[in-house]
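Engineer: Okay, predicted coordinates and the sequence, questions at the end:
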Amino acid sequence: MTATKGLEGIVATTSSISSIVDGVLTYRGYDIDDLAENATFEETAYLLWFGNLPTTPELQALRRDLSAFAPIPDQVIAQMKLFPKEVSTMAALRTAVSSLALYDPAADDMSREANEIKAVKLQAQIPTVVAALARIRKGLEPIAPKEGLTIAENFLYMLWGKQPDVVSVKALDTALVLHADHELNASTFAGRVTVATLSDIYSGVTSAIGALKGPLHGGANEAVMKMLEEIGSLDAVESYVSGKLERREKIMGFGHRVYKNGDPRAKHLMKMSRELGIMKNDTTLYDMSVKVEELITSRKGLKPNVDFYSASVYTQLGIERELFTPIFAISRVSGWTAHILEQYEDNRIIRPRAEYTGMSEQKYVPVDER
Ligand SMILES: CC(=O)SCCNC(=O)CCNC(=O)[C@H](O)C(C)(C)COP(=O)(O)OP(=O)(O)OC[C@H]1O[C@@H](n2cnc3c(N)ncnc32)[C@H](O)[C@@H]1OP(=O)(O)O
Ligand SMILES: O=C([O-])CC(=O)C(=O)O
């Protein structure tokens, strides 16, 4: 038995949800470029769960369900108010989502129908949780979701306490489409491993949130913004990047296990970052990001991934850094739950082997003789 570090190149399951072939990302056979330009996030989530783009009545029904499920239990709001203010929003989200299960009487109902409902419910409730956590952290009262708004619209409404502008809603909606699914990424794999024991969907999503939080995965978008803040100005980019490379430190938002010639989602976020900068008459963040990209590409041959330009997009929308990875979760819960439903459909426990490298032939020695 020989281990493959990081399971690189190992095909661990079949899946009909999303694919990456020759650098092209598709959801259910639709190119991500097509979806990013044309689909709404609600249509995308429907596509991931049910395998086809919704008809108008199907989309209306989904939007009604999302609105109906969006409020969260008062008990969970009360708990969130007790969380220490200084913890990361991802840590708080992980606990809050785990708590949501305690107030869902169908949490352990393993029927397909119940699990589909819970997938929609989690999709509806996670934006409400994230917006509430953001407000509580600032000492503000959470705002209840408003009926009839899209997920992107409702999230910004609950965050800001006012009707968001169309440009911000459209930008966030496109970002949600781009982040919705990505084959067997670490958080989706974590979710699938958890439910393959026939544990419940909330446990799967809680595991996935824990995996997404790390800076080598979803947490990289917050790390990118931290880096841009540390750099501070366009003039300082070159010396900052050179220093990092000399110290052999990673530059967050670059590199990818699967894409070696660039992440197809990055160009959409780059364009959005530029357009938002132009609209605000201040392209500093965009210009700094482009300069970082030029340096890393020429010196290391690495290309930006989905997390790199999302940082400047969200900042230019006026969203604080601590919410970047939670926003990733708001989107990716659609993919996680689609994968969890797929795992339940044809389940086998996921239990690989480890190549043992420890000591052997040890004999027990009583404690007072050691
Ligand atoms: C949504 C997402 O999860 S997208 C990824 C988000 N994560 C990041 O942006 C964090 C920065 N990037 C990375 O850490 C990695 O590129 C990962 C985690 C994405 C992929 O990891 P792996 O597939 O294991 O790539 P690996 O770490 O083996 O990289 C290969 C080589 O490129 C280097 N490298 C990879 N990424 C970077 C980076 N961002 N900065 C500097 N060097 C890098 C590695 O040090 C390694 O060099 P070596 O062969 O001299 O040791
Ligand atoms: O697929 C991966 O390894 C990481 C990634 O880009 C994602 O989850 O969107």
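Structural biologist: Arrived safely. Ligands and ions are numbered 1, 2, ... in the order given.
Engineer: which non-adjacent residue is nearest Val120?
Structural biologist: Nearest residue to Val120 in three dimensions, chain neighbours excluded: Asp65, at 5.2 Å (Cβ to Cβ, 6 or more residues apart in numbering). The C-beta positions use only the backbone N, C-alpha and C, and glycine is treated the same way.
Engineer: CA atoms only for the helix or strand containing the one you found - export them in PDB, please.
Structural biologist: Asp65 belongs to helix 56-69 when assigned by DSSP states H and E. Output of helix 56-69 as PDB, limited to C-alpha atoms (Å, rounded to 0.1, in the frame of the first residue of the first chain):
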ATOM      1  CA  THR A  56     -40.900  29.400 -14.700                       C
ATOM      2  CA  PRO A  57     -43.400  27.600 -12.400                       C
ATOM      3  CA  GLU A  58     -40.600  25.500 -10.900                       C
ATOM      4  CA  LEU A  59     -38.500  28.600 -10.300                       C
ATOM      5  CA  GLN A  60     -41.400  30.400  -8.700                       C
ATOM      6  CA  ALA A  61     -42.100  27.500  -6.400                       C
ATOM      7  CA  LEU A  62     -38.400  27.300  -5.400                       C
ATOM      8  CA  ARG A  63     -38.300  31.000  -4.700                       C
ATOM      9  CA  ARG A  64     -41.500  30.700  -2.600                       C
ATOM     10  CA  ASP A  65     -39.900  27.800  -0.600                       C
ATOM     11  CA  LEU A  66     -36.700  29.800  -0.100                       C
ATOM     12  CA  SER A  67     -38.600  32.700   1.200                       C
ATOM     13  CA  ALA A  68     -40.800  30.600   3.500                       C
ATOM     14  CA  PHE A  69     -37.700  28.800   5.000                       C
END
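Engineer: how far does it sit from the chain's center?
Structural biologist: 22 Å (Cα atoms, centre = their mean, to the nearest Å).
Engineer: Mind listing what's buried along whatever helix or strand comes next after that helix?
Structural biologist: Per DSSP H and E, the first helix or strand lying C-terminal to helix 56-69 is helix 74-82. Neighbour-count burial for helix 74-82, counted by 16 or more other Cβ atoms under 10 Å, picks out 76-77, 80.
Engineer: in the chain, what residue is nearest ligand 1?
Structural biologist: For the chain and ligand 1, the shortest gap (Cβ to the nearest ligand atom) falls at Gly255, measuring 2.3 Å.
Engineer: And that residue, what's its pLDDT?
Structural biologist: Here, the pLDDT recorded for Gly255 equals 98.
Engineer: Kindly report the same for Met1.
Structural biologist: Turning to Met1, the model gives it a pLDDT of 84.
Engineer: Same question for Arg353.
Structural biologist: On the pLDDT scale, Arg353 gets 96.
Engineer: Need the nearest residue in space to it, chain neighbours excluded.
Structural biologist: In space, Arg353 is closest to Met1, 5.8 Å off (Cβ to Cβ, 6+ apart).
Engineer: tally of neighbours for that neighbour?
Structural biologist: 7 (other Cβ atoms under 10 Å).
Engineer: Surely Ile10 is within a helix?
Structural biologist: No - counting by DSSP: H, G, I helix; E, B strand; the rest coil, Ile10 is not part of a helix but coil.
Engineer: His339 versus that one, what's the distance?
Structural biologist: According to Cβ to Cβ, to the nearest Å, Ile10 stands 17 Å off from His339.
Engineer: For the longest helix anywhere in the chain, which helices and strands make contact with it?
Structural biologist: For the chain, the helix with the greatest residue count under DSSP state H is helix 112-137. Packing partners of helix 112-137 (3 or more Cβ pairs under 8 Å, 6 or more residues apart in numbering; DSSP states H and E): helix 41-50, helix 56-69, helix 74-82, helix 89-102, helix 151-160, helix 201-212, helix 324-345.
Engineer: Can you confirm whether stretch 246-257 lies near ligand 2?
Structural biologist: Yes - Stretch 246-257 lies within reach of ligand 2 by Cβ under 6 Å from any ligand atom, at Arg257.
Engineer: about what we covered before: how about the helices and strands packed on helix 112-137 in CSV, adding mean pLDDT?
Structural biologist: Output for the helices and strands packed on helix 112-137, formatted as CSV (pLDDT from 0 to 100):
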stretch, mean pLDDT
helix 41-50, 98
helix 56-69, 98
helix 74-82, 98
helix 89-102, 98
helix 151-160, 98
helix 201-212, 98
helix 324-345, 99
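Engineer: that older thread, I'd guessed the residue nearest to Arg353 sits against Glu355; true?
Structural biologist: Yes - counting by Cβ atoms under 8 Å, Met1 touches Glu355, with 4.9 Å between them.
Engineer: What residues does this protein have near ligand 2?
Structural biologist: 182, 185, 257-258, 305-306.
Engineer: 8 Å instead, please
Structural biologist: Residues of the chain lying close to ligand 2 (Cβ under 8 Å from any ligand atom) are 20, 179, 181-188, 212, 217-218, 256-259, 263, 265, 305-307, 332.
Engineer: And these, which of them are buried?
Structural biologist: Judged by 16+ other Cβ under 10 Å, buried ones among those: 20, 179, 181-188, 212, 217-218, 256, 259, 263, 265, 305-307, 332.
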